[in-house]
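A.B. asks: Requesting a structural model of the entry that follows:
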Amino acid sequence: MAEDNGCKTSVEPDCAERDRLARERTSLANERTFLAYIRTSLMLFATGISLVKLFPSTLMLVLPGLVLVCFSVIALLLGVFRFRRMKSGIVGRQSDTYNS
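C.D. replies: Prediction:
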């Protein structure tokens, strides 16, 4: 069943171009989100390492530093997982559109 996206037929050039541009925008948004995960992970890692290295004798600062380093790894893995899942969904929808 075809979606009603305001086009009279699915072969209109304007509709095909609009759909292609929408997929491209979605793909670029996915990449920007992935870069935000990387940026957050790097910030957590740098903050954690700074606490560990600057205050090695203060347990009250070393423990949060180690927790931040662990969270940075979790954030990076979560970002990679979500990026790949969304990318496969975008590619899957793209092939569905071409097969219709």
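A.B. asks: now the farthest one out in the protein, which residue is it?
C.D. replies: Distance from the C-alpha centroid of the chain peaks at residue 57, with 37.4 Å (C-alpha atoms, centre = their mean).
A.B. asks: quick one, phi psi at that residue?
C.D. replies: Note on residue 57: backbone dihedrals following degrees, to the nearest 10 are phi -100, psi -10.
A.B. asks: What of the one 5 residues further on?
C.D. replies: Phi and psi for residue 62, reported as degrees, to the nearest 10, are phi -70, psi -40.
A.B. asks: how about the helices of this protein, start to end?
C.D. replies: For the chain, the helices defined by DSSP state H occupy 13-54, 59-99.
A.B. asks: Let me have those in TSV, extended by mean neighbour count and mean pLDDT.
C.D. replies: For glycine as for every other residue, the C-beta is placed from the backbone atoms N, C-alpha and C. Below are the helices of the chain laid out as TSV (neighbours: other C-beta atoms under 10 Å; pLDDT from 0 to 100):
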stretch	mean neighbour count	mean pLDDT
helix 13-54	14	95
helix 59-99	14	90
